[in-house]
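A.B. asks: This is a predicted model, with the sequence first.
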Amino acid sequence: MTTNIQLRTGIAADAAAIHNLITANLSVGHLLPRTFEDVESHAERFIVAVSGDDVIGCAELAPLSADVAEVRSLVVDEASRGQRTGVALVTALADRARELGYVTLCAFTHQPAHFIRLGFSIVPHVWLPEKIALDCVGCSQFRHCGQYAVSLALRAGAGLRLEQTAPPARAISGPRASVERLRLLPVTA
């Protein structure tokens, strides 16, 4: 079922809903925690997806330098997924970034496939030194981060591309008999 979803710039009054969306998805491990105060002070950087009176999705455009901006805290409420709201949010952030003069849009994510479908490329973390200097060096996961860095060059007049067709089905073969299987055995003292 498709509902009427509108995108708009976030306002301070959206901070609680944005914070709730982020917090609700922390347990899945795909988002970094944010304080309410941080979300409230940066509410205008967010684009929110609204259905009726409810904020059902959000994403932040965070400046890393004069040239590079980052997609942060991209989340869509679980009950509202499957309607391309995430694609609409990233597209809106890319348009905003282009209008503000950024030349690169990046994201750090555990699930790069969503961004790859939109035209982003996986890049080494060191290709985004602004992110490392601003956020990574202070993170407890620095040098042990499991996130992928993805980057998109923003060109005037260019939009995000979205693969309209599903990727080709992949055949999954059964286990090969020629591969030796390891089995863990309990160690007895």
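C.D. replies: Thanks, I have the structure now. The structure displayed is predicted, hence computed values, not measured ones.

A.B. asks: lowest-pLDDT helix or strand in this structure?
C.D. replies: helix 129-134 (a mean of 86; mean pLDDT, DSSP states H and E).

A.B. asks: other SSEs contacting it?
C.D. replies: Counting contacts by 3 or more CB pairs under 8 Å, 6 or more residues apart in numbering; DSSP states H and E, helix 129-134 is packed against strand 68-76. Every C-beta, even on glycine, is put in place using the N, C-alpha and C of the backbone.

A.B. asks: Partner strands of the strand it packs on and their direction?
C.D. replies: Paired strands of strand 68-76, with direction, are strand 54-63 (antiparallel), strand 104-109 (parallel) (DSSP bridges).

A.B. asks: Run through who's touching that strand.
C.D. replies: Outside strand 68-76, the residues that touch it by CB atoms under 8 Å, 6 or more residues apart in numbering are 18, 21-22, 25, 30-32, 34, 39, 46, 49, 56-64, 85-86, 89-90, 93, 97, 100, 102-108, 115, 128, 130-131.

A.B. asks: Mind giving me the PyMOL select for those residues, buried ones only?
C.D. replies: The PyMOL command for the buried members of these (criterion: 16 or more other CB atoms under 10 Å) is given here:
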select buried, resi 18+21+22+25+31+34+39+46+49+56+57+58+59+60+61+62+64+85+86+89+90+93+97+102+104+105+106+107+108+115+128+130+131
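
A.B. asks: what's the helix or strand following the least confident helix or strand of the chain in contact with?
C.D. replies: Next along the chain after helix 129-134, taking DSSP states H and E as the criterion, comes strand 148-153. The set of residues external to strand 148-153 that reach it, using CB under 8 Å, 6+ apart, is 94, 103-110, 112, 115-116, 118-125, 127-128, 131, 160.

A.B. asks: Kind regards, and thank you for your time.
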